[in-house]
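K.L.:
Quick one: sequence and predicted model below, then my questions.
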There are 2 protein chains.
Amino acid sequence: MNQPLERLIEMFRSLPGVGLKSAQRYAYFIIKSSDEDAKEFAESIIMAKKQIKHCQECGGYTDKTVCPICLSRNSKLICVIAEPKDVSVMEKVRSFKGVYHVLNGTISPLENRGPNDIRLKELLQRINKHNTEEVIVATNPDVEGDATAMYIAKILKPLGVRVTRIAQGISMGTELEYADEITLSKAIESRIEI
Amino acid sequence: MNQPLERLIEMFRSLPGVGLKSAQRYAYFIIKSSDEDAKEFAESIIMAKKQIKHCQECGGYTDKTVCPICLSRNSKLICVIAEPKDVSVMEKVRSFKGVYHVLNGTISPLENRGPNDIRLKELLQRINKHNTEEVIVATNPDVEGDATAMYIAKILKPLGVRVTRIAQGISMGTELEYADEITLSKAIESRIEI
């Protein structure tokens, strides 16, 4: 086989969940596409990487300094999530009118990640600044996600902030990313005090 | 959501068989990866598109004028395939020592593609030039693939060339691309005169 093709296949294989056959299909698709389409594909990678940064407020992905959600929505209600990508997952629940706060990880003793390694200080600053009334913790329903939620409740309750956790509907062990809209909607509705 | 991210997701969605969730996963993976990795990904697309062309002999993909297979192997035996990507599929059968000839399509009355629209003239030229003894037709086992094989047999037999068709093992309706090595190997072994 030839080297540029092998390299392109290798690149596609590096994507999460892509095996050799899929990677080959994608590579051949690129080679068969027009020069313009291939260039646009490559450019979209470069541009996304260049322009997308973390929102100064919530830590989510945006091409602005502060993302449109933080600019336009009510900071009295903050939904805490682990990863920037969870913003788009939660946004499928159209009824949520608060803002987000991305922790960039969860507390994980196994991976040597403590409370100071995630964006908890920034969360406290936002809460103080905006007099936030409620924090909904929407980390994944696994051990680390639960531990993180408990820790957040422990530090926020003394400040008089209501701390809730999305609960009903998401089954233990599944990833937030794969939950459907109805399940997420139910989980927000039936959030419980922690 | 933000525009560069949406655009990147859209690009991944344009790949064959990629839905919204997979496209999002790939896009977030790119954004999370290092600047160097993202740049390498983009470059591999550009470079593959730029360097990969059709081999002057067989019509397969290569970054040379003539591909290594055509340069090094015996042209007395030619395996005829429909698409450049089928070369790598057939190459999984390590026992095959002949060369390939890519038709760039099959005869398809429905899609208005006749014998002059695929690389049959080039096949005849190669056969004359190299005194080819046998042509194995390995087009997909569907109506168009079979019709193409029949047509090739019809024009080559008067020239004294043995024309065979891969047969046993590949079930009607499946794509060549997804056949396993053993099935392909059997199909070559049990090729039949047409």
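P.N.:
All right, it came through fine. Residues are numbered from 1 along each chain as shown, chains lettered A, B, ... in the order given.
K.L.:
Against B:P115, how distant is the residue nearest to A:K92 when sequence neighbours are not counted?
P.N.:
In space, A:K92 comes closest to A:E181 once its chain neighbours are excluded; the distance is 4.7 Å by CB to CB, 6 or more residues apart in numbering or on different chains. C-beta: built from backbone N, CA, C; applies to glycine. Distance of A:E181 to B:P115, computed by CB to CB, to the nearest Å: 53 Å.
K.L.:
Quick check: buried residues in the helix or strand containing A:I188?
P.N.:
In the assignment (DSSP states H and E), A:I188 maps to helix A:181-189. Buried residues in helix A:181-189, counting neighbours by 16 or more other CB atoms under 10 Å in any protein chain shown, are found at A:183-188.
K.L.:
so where's chain A uncertain?
P.N.:
Low-confidence segments of chain A, defined by pLDDT under 70: A:1, A:167-172, A:186, A:190, A:192.
K.L.:
Output the longest helix belonging to it.
P.N.:
helix A:35-51 (DSSP state H).
K.L.:
and that one with helix B:35-51, angle?
P.N.:
170 degrees (axes from the mean of the first three to the mean of the last three CA atoms, to 10 degrees).
K.L.:
buried ones in helix A:35-51?
P.N.:
Judged by neighbour count (16+ other CB under 10 Å), helix A:35-51 contains these buried residues: A:37-49, A:51.
K.L.:
go on, stretch A:61-77?
P.N.:
Under the neighbour-count criterion of 16+ other CB under 10 Å, stretch A:61-77 has A:61-63, A:67, A:69-70, A:73, A:75, A:77 buried.
K.L.:
A:T148 reaches A:P109, doesn't it?
P.N.:
No - A:T148 lies out of contact with A:P109 (CB atoms under 8 Å); the separation is 11.4 Å.
K.L.:
Neighbour count for those two, which is higher?
P.N.:
A:T148 (25 against 10; other CB atoms under 10 Å in any protein chain shown).
K.L.:
Among the buried residues of helix A:181-189, which one sits closest to B:M90?
P.N.:
Closest approach to B:M90 among the buried residues of helix A:181-189 (CB to CB): A:T183, at 45.9 Å.
K.L.:
State the distance from the closest one to chain B.
P.N.:
According to CB to the nearest CB, to the nearest Å, A:T183 stands 15 Å off from chain B.
K.L.:
And for A:I118?
P.N.:
In terms of CB to the nearest CB, A:I118 sits 16 Å off from chain B.
K.L.:
One more: A:E144?
P.N.:
On the measure of CB to the nearest CB, A:E144 and chain B end up 18 Å apart.
K.L.:
host element of that residue?
P.N.:
In this structure, A:E144 sits in helix A:143-156 according to DSSP H and E.
K.L.:
Please enumerate residues in contact with the first helix or strand past that helix going along the chain?
P.N.:
Once the chain leaves helix A:143-156, the next helix or strand it forms, by DSSP H and E, is strand A:162-165. Strand A:162-165 is contacted from outside by A:133-138, A:149, A:152-153, A:156-157, A:191-194, using CB atoms under 8 Å, 6 or more residues apart in numbering or on different chains.
K.L.:
from these, which is closest to chain B?
P.N.:
Closest to chain B out of these is A:A138 (16.9 Å), distances taken as CB to the nearest CB.
K.L.:
and the closest residue to the closest one other than its chain neighbours, what does it touch?
P.N.:
Closest residue to A:A138 apart from its sequence neighbours, by CB to CB, 6+ apart: A:I166 at 4.8 Å. Counting by CB under 8 Å, 6+ apart, A:I166 makes contact with A:136-138, A:184, A:187-188, A:191.
K.L.:
Break down chain A into its helices, ranges please.
P.N.:
Counting by DSSP H, the helices of chain A are A:3-13, A:20-32, A:35-51, A:68-72, A:86-90, A:120-130, A:143-156, A:181-189.
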